[in-house]
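[1] Structure for this input, please:
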Amino acid sequence: MSWPAVAAHAIETDSVGKAPRAMSEEAFLVFYAQTVRPLRGYLSRILGDISLVEDVLQESYFRLLRANLPLNMTEAHRKNYLFRTATNLVRDEGRRRKPVALENCEVAGRASENVAERRDVERFLAALKPRERELLWLAYVERFSHNDIAGIVGAKPQSIRPMLSRARERLAEILRKGGFTPC
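    Here you go, the predicted structure:
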């Protein structure tokens, strides 16, 4: 039995005599299958350390299961809750450890098969601040709305647009310094 199934089953059997759970084991496994890859990619780009990514990934799902969320919570809200939990765990971990440079790590789910291109992308992303990487990833890879991003990163919705703009400008500056020019 895979760890998601074990976790869902353990929470289900632990909740006997308590308030009803928001997700059945089957519903959790479907949700897990839909969200694990995007969440792992997000965490990989933010953290870089694969073993740490897996720890934060598991802890995020475990906390989702333990949260006893409302039964009428939509999948989108549940996904936002999951990403918010993961983001908070990353920040907690960042306070405890020195960040790992992405160019020194093997990161899963890379977009390009060209090793040199991957190294360039990792180097440019590593030059960004963690918050900037978070914002860009959530907006352009995960395609969250500004309101959803605000909920995930703990900011006001009206501040997301300027924060994203600054992050894009910073990435563009880094790319220009790296020898890339606009098409």
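
[2] what kind of secondary structure is residue 69 in?
    Secondary structure, DSSP: H, G, I helix; E, B strand; the rest coil: residue 69 is coil.

[3] What of residue 39?
    Under three-state DSSP, residue 39 comes out as helix.

[4] Nearest residue to the middle of this structure?
    residue 42 (3.8 Å; Cα atoms, centre = their mean).

[5] Thought residue 85 was touching that residue, still the case?
    No: the pair residue 42 / residue 85 is not scored as a contact, 12.0 Å apart, by Cβ atoms under 8 Å. All C-beta spots, glycine's among them, are computed from the backbone N, C-alpha and C.

[6] In the protein, where is pLDDT below threshold?
    Segments of the chain classed as low confidence (criterion: pLDDT under 70) are 1-22, 94-118, 182-183.

[7] Relative to residue 155, how far out is the closest residue to residue 86 other than its chain neighbours?
    Once flanking residues are discounted, residue 86 sits nearest to residue 60: 4.2 Å by Cβ to Cβ, 6 or more residues apart in numbering. According to Cβ to Cβ, to the nearest Å, residue 60 stands 19 Å off from residue 155.

[8] Among the two, which residue is more densely surrounded?
    Comparing residue 60 with residue 155 by other Cβ atoms under 10 Å, the one with more neighbours is residue 60, at 24 against 15.

[9] And that one, which helix or strand is it part of?
    helix 50-66 (DSSP states H and E).

[10] likewise residue 86?
    Per DSSP H and E: helix 75-96 holds residue 86.
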